[in-house]
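Asker: pasting the structure only:
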């Protein structure tokens, strides 16, 4: 059931009053959320719900081992064993197509028929974070089995994140307790800033349904399907457009689920913070897919040694961490290449800092910050090309269309592509005023009576029905 479907809207409208009727009993609310989460997975495929239950049971067993251990070394052994099992399970399902080709013929067909369980990547990350959180906490804070299943399968986040960690986290309203404390609470929950929540839901629908969908249909797909038939500036515009499509798709999903969770009384992590306004690659990773980038920092980069073993080892750790991040996105060479490119970019940035003797040397002047923003945006957009192509031949065609075009660079794109180029440039230049405009819309909603919210919401939804591409779009990151 897509979060953008009429069916989901009806489902949530039934869930919402039933949930808040149980407000004096948070445990009963948890039971309802658990049933709703399993129901949504079951609707997609009963196997997905069963996979979550089996996975959560295994994690629960490891968590009991950690909670019952008296010594730190024993807790670390349990944590290491749990992390290894979770990683092996994730790797098997994510790469079983690759492995199946090397199995004996009688085994290839049943292995190839396995389906990747929906949400496995996200709740695997959450499980590792939960076990590490529990290692550092009293055993009394361990989640009960049904609470753990809810934590891992919470329906707003299970499909495409954000990674909802057990411990402390930063949400749109500041620093808050993580999933474990929010689930275990015995205090009645409350609606969290409903005006902001509704505005985030509307913003997310607009980004995903209209902006990402229109970019894909009108610009990105036609150009990437046959780049050699288009002028180089048109191809470059489509490259910019694909990064914008990814951003609108995933940040739109994040806005939507953050808003839904707030309406259920939950703070979930902030996932995007104007990433294309970053003036260097380091800052970009502090702003893009924040729940994943901080997870990579805490559970890959730092365990590898982080920056504790000298400059050269630090850069190697960055390459390994970002390379693994790329490999997580899929089994193709293109994802690994993307991760290594970002790792190399961060290493070069650190080398520049070392040579100048100053961190963020370009950030000292307005001109330097703008130049940094421009360079970072182009690096990010060009690196994302390998996300869109599926083979080396397609990648070569894109670069050939730019480097050795059949038509000169002075050839203007067709009017539609030119309009998208102007809109994307304006959005990039005006991202901060646009954020201020959104804050003003939230403030206006807060001043209006709640019953009056239906008017602007209905007007926006009516407009989207007219201008958005037909059909219910899928979420790109659900496939990673």
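Answerer: Good, I have the coordinates. Given the structure is predicted, the values throughout are model-derived calculations rather than measurements.
Asker: how far is the helix or strand containing residue 195 from where the chain is centred?
Answerer: Element membership of residue 195, judged by DSSP states H and E, is helix 194-205. Relative to the mean C-alpha coordinate of its chain, helix 194-205 is positioned 18 Å out (C-alpha atoms, centre = their mean, to the nearest Å).
Asker: Name the residues that touch that helix?
Answerer: Among residues not part of helix 194-205, those counted as contacts by C-beta atoms under 8 Å, 6 or more residues apart in numbering are 4, 172-173, 191, 251-260, 262-263, 438, 441-442, 445-446, 450, 453, 457, 460-461, 464. No exception for glycine: its C-beta is placed from N, CA and C like everyone else's.
Asker: Then stretch 168-185?
Answerer: Outside of stretch 168-185, the residues that reach it under the criterion C-beta under 8 Å, 6+ apart are 26, 30, 126, 130, 133, 141, 143, 147, 150-151, 154, 164-167, 192-193, 196, 200, 258, 262, 266-270, 290.
Asker: still on that earlier bit, among the contacts of helix 194-205, name the ones in helices.
Answerer: Of the contacts of helix 194-205, the ones assigned to helices by DSSP state H are 251-260, 262-263, 438, 441-442, 445-446, 457, 460-461, 464.
Asker: Just the buried residues out of the residues you listed, in PyMOL syntax.
Answerer: The PyMOL selection below is limited to those of the ones in helices among the contacts of helix 194-205 classed as buried (16 or more other C-beta atoms under 10 Å):
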select buried, resi 251+252+253+254+255+256+257+258+259+260+262+263+441+442+445+457
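Asker: residue contacts, residue 431?
Answerer: The contact partners of residue 431, taken as C-beta under 8 Å, 6+ apart, are 274, 276-277.
Asker: If you rank those residues by neighbours, which is first?
Answerer: Across the contacts of residue 431, the neighbour count under other C-beta atoms under 10 Å reaches its highest value at residue 276, namely 21 neighbours.
Asker: pretty sure that one belongs to a helix, no?
Answerer: Yes. Residue state for residue 276 (DSSP: H, G, I helix; E, B strand; the rest coil) corresponds to a helix.
Asker: Give me the contacts around the helix or strand harbouring residue 422.
Answerer: Applying DSSP H and E as the criterion places residue 422 in helix 415-429. Defining contact as C-beta under 8 Å, 6+ apart, one finds that helix 415-429 is touched by 215, 218-219, 223, 233-234, 237-238, 240-241, 244, 276-277, 377, 412-413, 434.
Asker: Just the buried residues of these.
Answerer: When neighbours are counted using 16+ other C-beta under 10 Å, the contacts of helix 415-429 contain these buried positions: 215, 218-219, 223, 233-234, 237-238, 240-241, 244, 276-277, 377, 413.
Asker: hmm, which helix or strand of the chain has the shakiest average pLDDT?
Answerer: Least confident helix or strand of the chain, by mean pLDDT, DSSP states H and E, is helix 105-112 with a mean of 53.
Asker: Run through the helices of the stretch 151-300 of the chain in chain order.
Answerer: In the stretch 151-300 of the chain, the helices defined using DSSP state H, counting those that start in this stretch lie at 179-184, 194-205, 213-215, 221-225, 232-263, 281-287, 290-296.
Asker: just checking, what packs against the fifth one?
Answerer: Counting contacts by 3 or more C-beta pairs under 8 Å, 6 or more residues apart in numbering; DSSP states H and E, helix 232-263 packs against helix 194-205, helix 213-215, helix 221-225, helix 366-383, helix 385-388, helix 392-403, helix 415-429.
Asker: mind running it again at 6 Å?
Answerer: Helices and strands in packing contact with helix 232-263 are listed as helix 194-205, helix 213-215, helix 366-383, helix 392-403, helix 415-429; criterion 3 or more C-beta pairs under 6 Å, 6 or more residues apart in numbering; DSSP states H and E.
Asker: can you list the ones you listed in TSV and add mean pLDDT and distance to residue 38?
Answerer: Listed next are the helices and strands packed on helix 232-263 as TSV, based on pLDDT from 0 to 100; distance: least, C-beta to C-beta, whole Å:
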stretch	mean pLDDT	distance to residue 38
helix 194-205	94	23
helix 213-215	91	30
helix 366-383	90	38
helix 392-403	85	39
helix 415-429	91	39
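Asker: which of the ones you listed sits most buried?
Answerer: When neighbours are counted by mean count of other C-beta atoms under 10 Å, the highest per-stretch mean among the helices and strands packed on helix 232-263 falls to helix 213-215, a mean of 23.
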